[in-house]
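[1] Below: sequence and its predicted model.
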Amino acid sequence: MKYLLTMTMTTPAALKMAEVPAAERVKLLRQLVDQLKPEVFYASTVRKSAFLVLDVADPHVQLRKAHLALEQIGAEVTVDPVSNLDEFLEYISSM
């Protein structure tokens, strides 16, 4: 099942992260992405948010790990199950 994981940095967390050298921030983000292995990763250039689509076999374990990893850097995290268009059309046609 695929999940949309939205992470938004709180203002205090973003200010704290801004104090970290850029190379360290890049390294941290790469480590998070390597750990989570999202299908796609998009970051807003105007808000303190990023959007990841994860294909998760065991949501209870994998989503909890993702949630904990992102909370450690001060991100507020939401998780929503998502479908692509074909899957969604199949779903609504079966209703």
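    Arrived safely.

[2] Sheet-wise, list the partners of the helix or strand hosting Met7 with their directions.
    In this assignment (DSSP states H and E), Met7 forms part of strand 2-9. Note on strand 2-9: by DSSP bridges, its sheet partners are strand 49-55 (antiparallel), strand 75-82 (antiparallel).

[3] Contacts only, for Ser93.
    Applying C-beta atoms under 8 Å, 6 or more residues apart in numbering to Ser93 gives no contacts. For glycine as for every other residue, the C-beta is placed from the backbone atoms N, C-alpha and C.

[4] in the lowest-mean-pLDDT helix or strand in the chain, what counts as buried?
    Least confident helix or strand of the chain, by mean pLDDT, DSSP states H and E, is helix 59-71 with a mean of 84. Across helix 59-71, burial judged by 16 or more other C-beta atoms under 10 Å covers Gln62, Leu63, Ala66, His67, Ala69, Leu70.

[5] now what about the strand holding Met7, what contacts it?
    Contacts of strand 2-9 (C-beta under 8 Å, 6+ apart): 17, 36, 38-39, 47-56, 59, 63, 66, 70, 73-84.

[6] surely Leu36 meets Ala50?
    No: judged on C-beta atoms under 8 Å, Leu36 makes no contact with Ala50 at a distance of 10.6 Å.

[7] Report the set of residues contacting both of these two.
    If you check Leu36 and Ala50 against C-beta under 8 Å, 6+ apart, no residue is contacted by both.

[8] if you skip the residues just before and after it, what's nearest to Ala13?
    With C-beta to C-beta, 6 or more residues apart in numbering as the criterion, Ala13 has its nearest non-adjacent residue at 2.4 Å, and that residue is Gly74.
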